[in-house]
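>>> With the input below, show me the fold.
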Amino acid sequence: MRALAITPCQAHTARLVELPMPRLEDVPSGRGVLVKILQVGMDGTDKELCLGQYGTAPPGFDFLVIGHESFGRVEEVGPKVTELKPGDYVVATVRRPGGSMYDAIGTCDMTSDETCYERGINLLHGFATEYYVDDADYIVKVPAGLKHVGVLLEPMSIAEKGIHQAYEIQRRLKVWRPRKAAVMGAGPIGLLAALVLRLSGLEVWVFARSLRPNRKADLSQVIGANYVSTGGLPLEQIAKAHGPFDLIFEATGVSPIVFEAAHLLAMNGVLIMSSVTGGNKTVELKSDRLNLEFVLGNKVMFGTVNAHRGYFEQGVADFARAEAEYHGWLSALLSHPVRGLENYEDVLRILFEEKQATKAYLVVNEK
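Numbers count the residues shown, from 1 in each chain. So this is what the prediction gives:
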């Protein structure tokens with residue numbers, strides 16, 4: 001079968017390769033699930049992998065199949081799989097267990113191992129292929145009524161996890177009732193974070209470089225979020241009129257923005273970092289000021305990556321709420337479909353060139 005692969009840490013090596021058809025027997029203990037891929041989302045991580053910034057091939061291979069945002073249909077299940085059946089629509093999680101105690105209790109997204117196993121990113125092949133087999137423990141059912149937006153579930157899980165973890169951290173305050181939030185970046189994760197925050201009743205401000213009018217501003221407006229174009233000006237200068245913010249979700253992919261955003265936190269505020277940056281960019285910090293603000297203001301900054309199945313399941317629940325409250329919004333986020341695995345160059349071009357694309361994805365199989 002065909003798959004879209006790269007040579008890790010070498011730029012512009014994307015190509016189609018051939019892989020053997022996976023079998024249920026590839027997963028021990030009768031827990032295997034064979035899934036036919038319908039759609040694969042592409043994002044900034046795939047772009048950085050294609051630029052050779054990181055990634056590791058699985059043992060025995062000199063290439064890595066990319067694609068960590070999957071959506072598919074169950075074709076066959078092993079004898080000990082009771083929670084799924086052929087015909088179910090599903091999404092697979094990304095992280096797989098290592099050897100830490102966090103991995104052992106089902107939270108491999110919080111592993112303390114230095115090496116992490118991520119499908120389509122590090123040491124495990126991804127989903128930009130025609131079929132895959134995985135353990136049922138890592139496969140999340142998507143109701144048929146949400147199949148049209150299922151490919152968004154993996155990025156939604158990132159937003160869900162970051163925001164949930166912020167509330168968990170702030171339990172230290174006994175009472176934390178955030179009212180105003182900022183989202184830095186209007187890519188798919190940023191917009192989905194804005195959605196989750198609006199569903200939670202917060203006043204939300206979305207900051208992005210693109211000038212109005214544009215698709216991302218329109219999507220923000222539909223869910224009642226305020227869109228502000230920074231136009232390349234210093235973020236603190238632009239955001240001062242709208243802050244301070246109790247919660248900030250950073251999703252720009254530009255690391256210096258993190259430290260600009262940190263100055264916009266309210267007392268007892270929390271900043272969520274979700275961008276994975278593989279470069280070597282440096283920035284000059286107002287370190288004394290930053291230290292003082294965080295110490296005296298009881299502020300928090302933390303990172304979040306991938307998500308375990310609980311956050312995927314929360315994403316399904318919030319998809320249902322979003323369809324009820326903002327019907328059609330999730331579908332509108334799916335801006336750039338590319339049909340056919342053989343047309344992978346088109347979806348990569350969109351990633352690199354289409355600044356107003358909110359979600360590019362490959363339609364691998366129509367049904």
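>>> can you pull out the helices in the stretch 101-250 of the chain?
Secondary structure of the stretch 101-250 of the chain, counting by DSSP state H, counting those that start in this stretch: helices at 101-104, 153-169, 188-199, 215-222, 235-239.
>>> quick one: the residue nearest the centre of the chain from K359, how far?
Residue closest to the average C-alpha location in the chain (C-alpha atoms, centre = their mean): P155, at 2.9 Å. Using C-beta to C-beta, to the nearest Å, P155 is found at 8 Å from K359. The C-beta positions use only the backbone N, C-alpha and C, and glycine is treated the same way.
>>> With E154 instead?
Distance from E154 to K359, by C-beta to C-beta: 11 Å.
>>> Please say which of these two ends up with more neighbours.
E154 (29 against 24; other C-beta atoms under 10 Å).
>>> Now for the nearest residue to the more buried one once chain neighbours are set aside, how many residues are close by?
The shortest distance from E154 to any non-neighbouring residue, by C-beta to C-beta, 6 or more residues apart in numbering, is to E69 (4.2 Å). Residues within reach of E69, counting by other C-beta under 10 Å, total 30.
>>> How about T13?
15.
>>> Might one say that it is in contact with G52?
Yes - using C-beta atoms under 8 Å, T13 is in contact with G52, at 7.5 Å.
>>> and for those two, which residues touch both?
Residues touching both T13 and G52 by C-beta atoms under 8 Å, 6 or more residues apart in numbering: I6.
>>> quick one, strands of the stretch 51-200 of the chain?
Applying DSSP state E, counting those that start in this stretch to the stretch 51-200 of the chain gives strands spanning 64-65, 69-77, 89-92, 95-96, 117-119, 123-124, 131-135, 139-142, 180-184.
>>> got the end-to-end distance for stretch 355-362?
One end of stretch 355-362 to the other measures 18 Å (C-alpha to C-alpha, to the nearest Å).
>>> starting at the chain centroid, how far to it?
13 Å (C-alpha atoms, centre = their mean, to the nearest Å).
>>> Need the mean per-residue confidence for that stretch.
The average pLDDT for stretch 355-362 rounds to 94.
>>> Flag every buried residue along that stretch.
357-362 (16 or more other C-beta atoms under 10 Å).
>>> would JSON lines of the residues you listed with secondary structure be doable?
Shown next, in JSON lines, are the buried residues of stretch 355-362 (DSSP: H, G, I helix; E, B strand; the rest coil):
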{"residue": "A357", "secondary structure": "coil"}
{"residue": "T358", "secondary structure": "coil"}
{"residue": "K359", "secondary structure": "coil"}
{"residue": "A360", "secondary structure": "strand"}
{"residue": "Y361", "secondary structure": "strand"}
{"residue": "L362", "secondary structure": "strand"}
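>>> among those residues, which two are most distant?
In terms of C-beta to C-beta, these reach their longest pairwise distance at T358 and L362, which sit 15.6 Å apart.
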